[in-house]
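Peer 1: Mind looking at a prediction? Sequence and model below.
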Amino acid sequence: MYEDRKEGFTTTFWQDFSIADMFGMAAVKDTYKRAFREWRDNYLYLTDLVAVLNHKLWQHYQAGNEPLARLYNDLWQEAQSYGYEHLQGEELEYFWRVLD
């Protein structure tokens, strides 16, 4: 079985997107495109990506940056849907458990 993570994210996605935030929406889209393409088949990294996108969505929403919050919402929905549609068995259970 898979152990639950207790110390936050296991990837550099948070840092990657925080850097992209400073360069605007095009940089966020590019960062997402590269991360998703590279890691969508790794359920652990996909789970982290979805969690980071959700946190970024709320970070920007609470800061009043609605355009960036909407972008993160769209990316979050895309990545989350991919996980629900493509993961199976214990990998899907892990995805659900961590993101719930």
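Peer 2: Here it is on my side, so go on. Numbering: from 1, shown residues only.
Peer 1: residues contacting the closest residue to residue 71 other than its chain neighbours?
Peer 2: What sits nearest to residue 71 in space, not counting adjacent residues and going by CB to CB, 6 or more residues apart in numbering, is residue 25, at 5.5 Å. Every C-beta, even on glycine, is put in place using the N, C-alpha and C of the backbone. Residue 25 sits next to 67-68, 71 when contact means CB atoms under 8 Å, 6 or more residues apart in numbering.
Peer 1: Number of residues surrounding residue 34?
Peer 2: 11 (other CB atoms under 10 Å).
Peer 1: What residues of the helix or strand where it lies count as buried?
Peer 2: Taking DSSP states H and E as the definition, residue 34 sits inside helix 25-39. Within helix 25-39, the residues that count as buried by 16 or more other CB atoms under 10 Å are 28, 31-32, 35-36, 39.
Peer 1: With pLDDT as new columns, can those residues be given to me in CSV?
Peer 2: Shown next, in CSV, are the buried residues of helix 25-39 (pLDDT from 0 to 100):
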residue, pLDDT
28, 98
31, 98
32, 98
35, 98
36, 98
39, 96
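Peer 1: Quick check: of these, which lies closest to residue 59?
Peer 2: Nearest to residue 59 out of those is residue 28 (CB to CB; 12.1 Å).
Peer 1: Grab the nearest non-local neighbour of that closest one.
Peer 2: In space, and not counting its chain neighbours, residue 28 is closest to residue 20: 4.6 Å by CB to CB, 6+ apart.
Peer 1: same check, this time on residue 52
Peer 2: Nearest to residue 52 is residue 13, by CB to CB, 6+ apart, at 4.2 Å.
Peer 1: do you know how far the one you found is from residue 66?
Peer 2: Using CB to CB, to the nearest Å, one gets 22 Å for the distance from residue 13 to residue 66.
Peer 1: Who has more neighbours out of these two?
Peer 2: Taking neighbours as other CB under 10 Å, residue 13 and residue 66 compare with residue 13 leading, 22 against 11.
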